[in-house]
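**Student:** model the structure of this input:
(one chain, ligands or ions: 1)
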Amino acid sequence: MQKEKLEQEVYVPASDRIGQLDPLSDGISSLELIRVSGSDLDVANAARVSYGKVSTEISERDKKLISFLMKHKHTSPFEHNQLSFRIKAPIFVVRQWMRHRMNSYNEISYRYVKAPVEFYIPGKWRGQHKTNRQCSEGTFQSAELDAKYRAAIDMAYKSYEELLEAGVAREIARGLLPVCTYTEFIFTCNLHSLVHFLNLRIKVDAQPEIRKYAQGLLELAEPHFPVSLGKWKEHWMPKTEEITV
Ligand SMILES: Cc1cc2nc3c(=O)[nH]c(=O)nc-3n(C[C@H](O)[C@H](O)[C@H](O)COP(=O)(O)OP(=O)(O)OC[C@H]3O[C@@H](n4cnc5c(N)ncnc54)[C@H](O)[C@@H]3O)c2cc1C
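**Tutor:** Prediction:
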């Protein structure tokens, strides 16, 4: 039973990992694919079970079938697989991420452990978009704003530590932590829900920080499902330009 289970699931050994990405390029953020099960062949076979057929190797016909399924949003054959990622991201990114309910999550608890001194500091300031109330546009640098942002974080974290030292419980002292504090979680999805996430979060109207993670998810997942994700890129991938964070 155990052997059968191991054969069905491809554990990605450390040496085979495509690498641990740093989506926000600050040496703290991270995105790592920790486990994958299933393949493009399983997608094709899930569709072929409808007429009692099974393929043992992916063929050109299977690739055409996957293209048809992806193009026409026949989504259920993309659900018989699983990808797990270990992610480190600012709390404000994770607030957006966890709105995607058709996935599984486990997150570090700042009730159990003290929050580390890890904060997301933007590399550039983005201006408020003039017409889209949700978006930003243009970038600028300001040493004065950098100093203000850092001073606010320092003060918040110092006060957090003072509360802990005074015997306040972690679960209540954490109320002082800014939403740029890093948190860590495990995200497990299938290809159907991954593609749904990518459709919404790679797009230009999503916040640049979560778009960076969405790009990373695609980069790490695509080598394991080259046909399915290749066909998603061909048929559905939203237009993207370079993302500034
Ligand atoms: C650019 C952008 C801006 C956003 N802005 C805001 C905002 O200002 N405020 C805000 O609150 N949210 C906002 N969201 C979050 C958004 O409303 C969704 O919660 C999020 O994108 C997850 O999408 P989803 O529900 O389709 O995904 P999932 O939760 O993963 O669900 C996948 C699919 O399952 C089905 N489903 C899941 N749950 C239910 C249910 N309860 N009933 C029926 N069908 C269900 C739906 O078909 C859904 O599309 C924003 C999202 C984006 C991408």
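**Student:** mind naming the longest helix for this protein?
**Tutor:** helix 143-165 (DSSP state H).
**Student:** just how off-centre is whichever helix or strand comes after that one within its chain?
**Tutor:** Moving toward the C-terminus from helix 143-165, the next helix or strand (DSSP states H and E) is helix 170-173. Centroid separation between helix 170-173 and its chain, computed with CA atoms, centre = their mean, to the nearest Å, is 27 Å.
**Student:** next: stretch 46-62.
**Tutor:** Centroid separation between stretch 46-62 and its chain, computed with CA atoms, centre = their mean, is 30 Å.
**Student:** what of stretch 32-52?
**Tutor:** The chain centroid and the centroid of stretch 32-52 are separated by 21 Å, computed with CA atoms, centre = their mean.
**Student:** could you dump it to PDB, C-alpha only?
**Tutor:** C-alpha atoms of stretch 32-52 as PDB (Å, rounded to 0.1, in the frame of the first residue of the first chain):
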ATOM      1  CA  GLU A  32       9.000  26.600  -3.200                       C
ATOM      2  CA  LEU A  33       7.300  23.700  -4.900                       C
ATOM      3  CA  ILE A  34       7.500  20.900  -2.300                       C
ATOM      4  CA  ARG A  35       5.400  18.100  -3.700                       C
ATOM      5  CA  VAL A  36       3.700  17.200  -7.000                       C
ATOM      6  CA  SER A  37       1.400  14.300  -7.900                       C
ATOM      7  CA  GLY A  38       0.000  13.600 -11.300                       C
ATOM      8  CA  SER A  39       1.000  14.500 -14.800                       C
ATOM      9  CA  ASP A  40      -0.400  15.600 -18.200                       C
ATOM     10  CA  LEU A  41      -1.000  11.900 -18.900                       C
ATOM     11  CA  ASP A  42      -3.400  11.800 -15.900                       C
ATOM     12  CA  VAL A  43      -5.300  14.700 -17.400                       C
ATOM     13  CA  ALA A  44      -5.700  12.800 -20.700                       C
ATOM     14  CA  ASN A  45      -6.700   9.600 -19.000                       C
ATOM     15  CA  ALA A  46      -9.300  11.300 -16.800                       C
ATOM     16  CA  ALA A  47     -10.900  12.500 -20.000                       C
ATOM     17  CA  ARG A  48     -10.500   9.200 -21.800                       C
ATOM     18  CA  VAL A  49     -12.200   7.200 -19.000                       C
ATOM     19  CA  SER A  50     -15.500   8.600 -20.400                       C
ATOM     20  CA  TYR A  51     -15.200   6.000 -23.200                       C
ATOM     21  CA  GLY A  52     -13.300   3.300 -21.300                       C
END
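**Student:** and that stretch, what's buried?
**Tutor:** Within stretch 32-52, the residues that count as buried by 16 or more other CB atoms under 10 Å are 32-34, 36-48. Bear in mind the C-beta positions are built from the backbone N, C-alpha and C, glycine included.
**Student:** the residues you listed in helices, which ones?
**Tutor:** Members of those lying in helices (criterion: DSSP H): Asp40, Leu41, Asp42, Val43, Ala44, Asn45, Ala46, Ala47, Arg48.
**Student:** mind putting these into CSV with pLDDT?
**Tutor:** CSV is the format used below for these (pLDDT from 0 to 100):
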residue, pLDDT
Asp40, 97
Leu41, 97
Asp42, 97
Val43, 98
Ala44, 97
Asn45, 97
Ala46, 97
Ala47, 96
Arg48, 94
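**Student:** which among those are in contact with the ligand?
**Tutor:** Among these, no residue is within reach of the ligand (CB under 6 Å from any ligand atom).
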